[in-house]
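Chemist: Predicted structure and sequence below. I'll ask about it afterward.
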Amino acid sequence: MQTDAGASSDESAALRDWADGIAGRRGRAIAAVALGQRLAGILFAIWRDGTDYDATNVQGPLSSRRAA
């Protein structure tokens, strides 16, 4: 998967790891759609809140379950 022009490889590692995990479980096509939906949600939240994107603060939907 390609990274953003403005994002460093370290910043996009969380999203890449998340998408790679889905690709391993469900396949590459499903992972591509899931990543697109995830990015759409992030972009909508940025637009709605008027904030800047901070890739170091990306959390997966299951991150709270994994910590428990």
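Modeler: That came through fine.
Chemist: Give me the distance between Ile22 and Ala34.
Modeler: 5 Å (C-beta to C-beta, to the nearest Å). Where C-beta positions appear, they are placed from N, C-alpha and C, glycine not excepted.
Chemist: Correction: the previous question concerned Asp20.
Modeler: Counting by C-beta to C-beta - Asp20 and Ala34 are separated by 11 Å.
Chemist: same thing with Leu43?
Modeler: 15 Å.
Chemist: What of Gly41?
Modeler: 11 Å.
Chemist: go on, Trp18?
Modeler: According to C-beta to C-beta, Trp18 stands 8 Å off from Ala34.
Chemist: more neighbours, these two?
Modeler: Taking neighbours as other C-beta atoms under 10 Å, Trp18 and Ala34 compare with Trp18 leading, 20 against 16.
Chemist: Any buried residues in the helix or strand hosting the more buried one, and which?
Modeler: Assigned by DSSP states H and E, Trp18 falls within helix 13-26. Neighbour-count burial for helix 13-26, counted by 16 or more other C-beta atoms under 10 Å, picks out Ala14, Leu15, Trp18, Ala19, Ile22, Ala23.
Chemist: any idea of the angle the lengthiest helix in the chain forms with helix 13-26?
Modeler: Secondary structure of the chain per DSSP state H: the longest helix is helix 28-49. Angle, helix 28-49 to helix 13-26, by axes from the mean of the first three to the mean of the last three C-alpha atoms, to 10 degrees: 140 degrees.
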